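Student: Provided below for reference: sequence and predicted model.
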Amino acid sequence: MKSNTSSTELQDDKVAAIGIGAMIVFIALILVAAVAAAVIIQTAEALQQNAQQTGDDTADNMAGKVMINSLTLTQTDTNCSFASLLAANLLQSQASATS
């Protein structure tokens, strides 16, 4: 019994099957690339938000600090012991804060 399909039709079917397989692989590759891009973008966004929060926290912490570089007191009265104690406490607290 002779087949109705010729040799060229079978060859065309094989080429078509290879083309469809290549198209499926190409679509799968694009889907994988899209998922990888989404993960990278999400990670970058999370890192940026963390960095922004850290910067804001640091700015808030440093904005309320006062650094005393030097202190000059002039004593006009012999009963100014409060000013002397205040100056000593300020310089002592500054020294302990910087170390």
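Tutor: Arrived safely. Residues are numbered from 1 along each chain as shown.
Student: for this structure, what helix or strand is lowest in average pLDDT?
Tutor: Of all the helices and strands that make up the chain, helix 81-98 has the lowest average by mean pLDDT, DSSP states H and E, namely a mean of 72.
Student: Check the chain and tell me which residue is nearest its centre.
Tutor: With distances taken as C-alpha atoms, centre = their mean, residue 47 lies nearest the centre of the chain, 1.9 Å away.
Student: Just the pLDDT at that one, thanks.
Tutor: What the model reports as pLDDT for residue 47 is 96.
Student: Distance of it relative to residue 68?
Tutor: Taking C-beta to C-beta, to the nearest Å as the measure, residue 47 falls 37 Å from residue 68. The C-beta positions use only the backbone N, C-alpha and C, and glycine is treated the same way.
Student: Next: residue 15.
Tutor: Look at residue 15 and residue 68: by C-beta to C-beta, they are 85 Å apart.
Student: what's the answer for residue 8, then?
Tutor: Plainly put, residue 8 is 95 Å away from residue 68 if you go by C-beta to C-beta.
Student: domain assignment for the chain?
Tutor: With domains defined by automatic domain parsing, the chain comprises 1-65, 66-99.
Student: between those domains, which gets the lowest average pLDDT?
Tutor: For the domains of the chain, the bottom mean pLDDT is recorded on domain 66-99, which sits at a mean of 70.
Student: need the longest helix for the chain.
Tutor: Among the elements of type helix in the chain, defined by DSSP state H, the one spanning the most residues is helix 7-63.
Student: Please state the offset of that one from the chain centre?
Tutor: On the basis of C-alpha atoms, centre = their mean, to the nearest Å, helix 7-63 is displaced by 19 Å from the centre of the chain it belongs to.
Student: Residue 67 in helix, strand or coil?
Tutor: Judged by DSSP: H, G, I helix; E, B strand; the rest coil, the three-state class of residue 67 is coil.
Student: Alright, that wraps it up for me.
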